[in-house]
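Just a sequence and a predicted model for now, questions to come.
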Amino acid sequence: MCDEPLPALDARRTPVPHSCEDCARLNAFLESPTERVGRFPLNEKRRFHLEAELRFSQADALWTTQRDASPYTLVVSKNDTSYRKRHGEWTKCVVHAELVLREAFDQATLRELLAEQFDDSMQMRMVRRALPPPVQGMAPESKRGPPTHLAQAHSKQSRHFD
C-alpha cells in the first residue's frame with residue numbers, strides 16, 4: 001500500500017517535450033510556480049502546434065482560442081487532472097484493502113493481534129495524509145468548457161476544447 005498522493009504545492013506543471021521558440025514560451029508558463037493562465041497570440045498553424053504538444057504531453061491544462069483580435073490567442077489554463085487521477089486510483093486501492101481486512105480476517109482475532117493499532121489500521125490512517133488545501137485559482141479538471149472566469153471575461157471565445 002502506498003501513501004496518499006499529494007496535490008501540487010504550486011502551479012508548476014510538466015513541460016511539453018518540444019523545444020521550438022513557441023514551445024519554450026509555453027514551457028516557461030507551464031513551469032511557472034505562480035502563473036495559472038497563459039495567453040499566446042499566434043497564427044493558426046502555431047496555435048495548432050501548441051495544442052498538439054499539450055495534447056501529446058497530456059498536460060494538466062485546458063485550452064481554448066480567444067477570437068476577438070488578430071492574431072487569435074490561445075488561452076491555456078492549468079488544472080490538476082493527473083493528481084485527481086492518481087488520487088482516484090489510490091482511493092480504489094484503499095477501499096479494496098479495507099474490504100479485504102473486513103472480509104478476509106476474523107475481526108476479533110485481528111483486533112487482538114493489532115491491539116491499539118486496530119482502529120487506525122481498519123481506517124487506513126497509516127496511508128492517509130492530512131492533505132494541504134488545493135492550490136487556489138486552478139482550473140477544474142474537466143475539459144468540457146472554459147474555466148468560469150475565462151468564460152465570463154471573454155464572451156467571444158471559441159468553445160473548442162481538447
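Right, received. Where do you want to start?

use CA for all of it now, contacts and neighbours both
Fine.

ok, now how distant is residue 64 from residue 3?
Counting by CA to CA, to the nearest Å, the gap from residue 64 to residue 3 is 35 Å.

quick one: least confident helix or strand in the protein?
For the chain, using mean pLDDT, DSSP states H and E, the weakest element among its helices and strands is helix 148-153, scoring a mean of 35.

And the helices in this structure, which stretches?
In order along the chain, the chain carries the following helices (DSSP state H): 21-30, 44-57, 81-103, 107-114, 118-122, 148-153.

Of all those, which one is nearest residue 7?
helix 81-103 (6.0 Å; CA to CA).

helices or strands next to that closest one in the packing?
Here helix 81-103 touches helix 118-122, going by 3 or more CA pairs under 8 Å, 6 or more residues apart in numbering; DSSP states H and E.

ok, and what's touching the helix it packs on?
Contacts to helix 118-122, defined as CA atoms under 8 Å, 6 or more residues apart in numbering, come from residues 98, 101, 102, 110, 111, 126.

Those residues into CSV, with extra columns for neighbour count and distance to residue 47?
Formatted as CSV, the entries for these read as follows, by neighbours: other CA atoms under 10 Å; distance: CA to CA, whole Å:
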residue, neighbour count, distance to residue 47
98, 15, 47
101, 16, 52
102, 13, 53
110, 15, 59
111, 16, 60
126, 14, 46
